[in-house]
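1. Starting from these lines, generate the structure:
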Amino acid sequence: MLLAHELVKKGISKGKFVFALCRVGDSESLELSARDYIQQAGYKVLAGSLPEKLGYLKAAEEGRAVTETRFAGLNQRASKMLQGIIDIVYDA
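-> Numbering: from 1, shown residues only. Okay, here's the model as predicted:
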């Protein structure tokens with residue numbers, strides 16, 4: 001977020017930034033805390049998150065996307081985040 005703050009100081013609007021929560025732990029309260037911190041600073045945060053999970057690493061090693069893991073729950077989390085990206089692009 002330091003880079004975003006520096007860019008805002010250079011004149012770029014906070015509305016141009018969207019944060020993605022990647023490699024987060026499994027703690028829902030910590031994720032909510034991080035999300036709240038970013039939003040309180042005036043930035044957008046994508047829905048969903050990508051936790052630090054071996055399933056994502058294995059998918060990448062096998063040349064598959066984050067939505068193509070062997071685990072339905074991980075695929076759903078990744079899909080939620082990707083839908084957030086789509087929503088922002090189409091709202092722009």
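
2. Spatially central, which residue of this structure would that be?
-> A20 (2.1 Å; CA atoms, centre = their mean).

3. Now the phi/psi pair for that residue, please.
-> Note on A20: backbone dihedrals following degrees, to the nearest 10 are phi -110, psi 130.

4. where's it relative to K9, distance?
-> With the distance defined as CB to CB, to the nearest Å, A20 ends up 22 Å from K9. The C-beta positions use only the backbone N, C-alpha and C, and glycine is treated the same way.

5. What residues sit buried inside the biggest helix by length in the chain?
-> In the chain, taking DSSP state H as the definition, the longest helix is helix 72-91. Buried positions in helix 72-91, judged by neighbour count with 16 or more other CB atoms under 10 Å: 74-75, 77-78, 81-82, 84.

6. Please render those as TSV that adds pLDDT and distance to D91 to the earlier fields.
-> Shown next, in TSV, are the buried residues of helix 72-91 (pLDDT from 0 to 100; distance: CB to CB, whole Å):
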residue	pLDDT	distance to D91
L74	94	26
N75	96	24
R77	91	22
A78	93	20
M81	92	16
L82	93	15
G84	90	11
